[in-house]
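Undergrad: coordinates for the following, if possible.
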Amino acid sequence: MRECGISGAGVDALTEAAGMTHGSLYSQFGSKERLVEEALEHVNSGNAMKKRWRQSPR
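TA: Prediction:
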């Protein structure tokens, strides 16, 4: 999505990058739009940065 935007990222590419099947993506999120909403909520909550900081080598 970073390279081609939300509308340019197909479900095939998203599921492949996430190691998911189409069925599991739709079962968990219901739609690509809901996946994007939850991803943005996660990033905006600060959880993504905390996780990245904990995983970085020191």
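Undergrad: kindly list the longest helix within the chain.
TA: helix 32-44 (DSSP state H).
Undergrad: got the CA coordinates for that one in CSV?
TA: Extracted in CSV, the C-alpha atoms of helix 32-44 (Å, rounded to 0.1, in the frame of the first residue of the first chain):
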residue,chain,number,x,y,z
LYS,A,32,-10.1,-4.4,2.5
GLU,A,33,-11.4,-1.1,3.6
ARG,A,34,-11.9,-2.4,7.2
LEU,A,35,-8.4,-3.8,7.2
VAL,A,36,-7.1,-0.4,6.2
GLU,A,37,-9.2,1.3,9.0
GLU,A,38,-7.8,-1.1,11.6
ALA,A,39,-4.2,-0.7,10.4
LEU,A,40,-4.5,3.1,10.6
GLU,A,41,-6.1,2.9,14.1
HIS,A,42,-3.2,0.6,15.2
VAL,A,43,-0.6,3.0,13.8
ASN,A,44,-2.3,6.1,15.2
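Undergrad: which residues of this structure score low on pLDDT?
TA: Segments of the chain classed as low confidence (criterion: pLDDT under 70) are 47-58.
Undergrad: just the helices in it please.
TA: 5-8, 11-18, 22-29, 32-44, 47-55.
Undergrad: adding mean neighbour count, write those helices out as a markdown table.
TA: Heads up, the C-betas are built off the backbone N, CA and C, glycines and all. As requested, those are arranged in a markdown table below (neighbours: other Cβ atoms under 10 Å):
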| stretch | mean neighbour count |
| --- | --- |
| helix 5-8 | 9 |
| helix 11-18 | 13 |
| helix 22-29 | 13 |
| helix 32-44 | 13 |
| helix 47-55 | 10 |
